[in-house]
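Colleague: below are the sequence and a predicted model for it; my questions follow.
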Amino acid sequence: MAETDLSSADDAALVRAAQKWDMGAFEELVARHRDKIYRRAYSMMRNEDEALDLSQEAWVKGWQRLKQFQRESSFSTWMTRIVINLCLDELRKQRRQRTGSIEELDEDSGGVERQMPAVIVNPTERLERGELRQRIDRGLDQLSYEHRTVLVLHEFEQMEYKEIAKAMDCSIGTVMSRLFYARRRLAAVLADLKDAK
Amino acid sequence: MTAEQQLKLQALLDGELPEKEARETAAWVARDAEAADLARELRQTRQALADAEPGLRVAESREFYWSRIERDIRRLEQAPTLSQPVSVLARLRRLLVPVSAVAALVVIVLATGLWVGFWGRPIRPDTEMTMADSGAFTYHDYANGTTLVWLDYPAER
Amino acid sequence: MRFKKILRPWCGWMAVVCFLLTFTGLAAQAKDLKFEARLIWATHAQKSPDPNHKPVTAEVRKKLEALPLKWANYFEVSRKNLAVPRGGSEQVTLSDQCRMGVKDVKGEYIEVSQIGKGVPVLKLTQRLPKGEMLVLSGNAPDATGWLVVLKRVE
């Protein structure tokens, strides 16, 4: 594909060209979607260097598996699934190296968040977008990897409970508990409650 | 409100309940003030997340970000071809019956500096890592005679 | 039978070749492998805050610029020479936190090991013909980087 055509071609055309080993076309796809893939990796890993490495690894895997892409979803959704799986593998590996904490046990059983009264979360009236993003970022940082992953997969990737359970190798009940905990924890941060722990 | 009720309320909002159960749960939320408050909180949290996923961007330039990907792709693509010269030489060795042809082959092997075991053991790759952190990758600049090994080793944390 | 006919003259040629190889191999044994090792600090800054650091030589700079490294400038922190005996090994300390070992493995292969802050960081086996360079690199704080450059000089 000529270089001048690449920037004006749509994703489907670029994917077709890349599937015929046109690396220039693949590079254009990388340039278009790299931020989204990196963002997804960062939302799960919460570490810029790890997110960068995993996003690049995802692109390499994407190239290797491109022939398997059958257009059942958009190209960026397909790539996002690849980076999510890489992040999940990495998080599992890191988890094996960590010991469980009392706080994590408490999170799994629901902890104080079950008993907390409902709070008012009204970001559009009270917070500017930038501040909202910072609060969400802070809230995500406070979550354990299990809770953050469930939240990211459900809220940002619109995955169903059973898809998340399969990806995380846990029961649907566990997905529901973790999602509930994560949402309530985030609500407390957004509602400006101090010392939500 | 029990834990089960809370999770059922959440599942209602997420569209995960079967139709009959969804109707029953919605009816309960409508008449229970505490449930209604919780439902509102969960909806608002969901809306906040939808409105403001942190808008991160890759800090590196397009070229630099791509260069690592391209190198890894090429490195992985080149790895299987290392065996080709071996199989070609092994075939030549079997086929070349005349003594002069065999001697010429040995001279060629010596002249190019490659040494392959008699029974066709694979040529040793340029770089073998026996111990490295998981983030290491190698890049060969054959034109300039330089090999770069990039490590995730942190100089300081 | 046919196989033995083919094999007999071939063995004769092999014997000649082996003799030649042995002779040249023994001659090569006498010489040590000589290397130059440099510890380099990479940065976007124009100058190093340490006055003892010098910009790298033009030759090294040219080779580093051809690599996909993001930094604009390279400063030599230390440089040491190594003489590795055939079949043996040698270690060199490039800084109080960085040591490098080179071992002659076989033929043109060397084993390079690096120890950073007392911890083994890397061990690799590499072909490094005369004139060629091996560059080990990683990130350092404040968007700078470290490089250990090993060049075979003989």
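Modeller: Looks like it arrived, so ask away.
Colleague: B:Arg57 in helix, strand or coil?
Modeller: coil (DSSP: H, G, I helix; E, B strand; the rest coil).
Colleague: is it correct that it is in contact with A:Tyr38?
Modeller: Yes: contact criterion Cβ atoms under 8 Å: B:Arg57 and A:Tyr38 qualify, at 7.5 Å. The C-beta positions use only the backbone N, C-alpha and C, and glycine is treated the same way.
Colleague: those two - which one has more neighbours?
Modeller: A:Tyr38 (24 against 10; other Cβ atoms under 10 Å in any protein chain shown).
Colleague: which ones are touching that one?
Modeller: A:Ala51, A:Leu52, A:Ser55, B:Leu56, B:Arg57, B:Val58 (Cβ atoms under 8 Å, 6 or more residues apart in numbering or on different chains).
Colleague: now the first one: which helix or strand?
Modeller: With secondary structure defined by DSSP states H and E, A:Ala51 is part of helix A:48-64.
Colleague: where do the strands sit along chain C?
Modeller: C:33-43, C:54-55, C:73-84, C:89-95, C:98-106, C:109-116, C:119-127, C:133-140, C:144-152 (DSSP state E).
Colleague: actually, chain B.
Modeller: B:127-132, B:137-141, B:146-150.
Colleague: is it possible to mark the buried ones in the contacts of A:Tyr38?
Modeller: A:Ala51, A:Leu52, A:Ser55, B:Leu56, B:Val58 (16 or more other Cβ atoms under 10 Å in any protein chain shown).
Colleague: out of these, flag the one nearest to chain C.
Modeller: Nearest to chain C out of the buried ones among the contacts of A:Tyr38 is A:Leu52 (Cβ to the nearest Cβ; 10.9 Å).
Colleague: distance of the closest one relative to C:Pro49?
Modeller: A:Leu52 is 27 Å from C:Pro49, where distance means Cβ to Cβ, to the nearest Å.
Colleague: domain-wise, how is chain C divided?
Modeller: Domains of chain C are assigned by automatic domain parsing as C:1-30, C:32-152.
Colleague: beta partners of the one residue in chain C that gets nearest to chain A?
Modeller: Chain A sits closest to C:Asn139 of chain C, with a gap of 7.9 Å, by Cβ to the nearest Cβ. Note on C:Asn139: beta-bridge partners C:Gly145, judged by DSSP bridges.
Colleague: wait, isn't it in contact with C:Gly145?
Modeller: Yes: here C:Asn139 reaches C:Gly145: they are 5.6 Å apart, a contact under Cβ under 8 Å.
Colleague: which parts of stretch B:4-17 are buried?
Modeller: For stretch B:4-17, by 16+ other Cβ under 10 Å, it's B:Gln5, B:Gln6, B:Leu7, B:Lys8, B:Leu9, B:Gln10, B:Ala11, B:Leu12, B:Leu13, B:Asp14, B:Glu16, B:Leu17.
Colleague: my bad, should have said stretch C:59-75
Modeller: C:Val60, C:Lys63, C:Leu64, C:Leu67, C:Leu69, C:Trp71, C:Asn73, C:Tyr74, C:Phe75.
Colleague: would you check which pair of those residues lies furthest apart?
Modeller: Maximum pairwise distance in the buried residues of stretch C:59-75, criterion Cβ to Cβ, is 16.4 Å, between C:Leu67 and C:Phe75.
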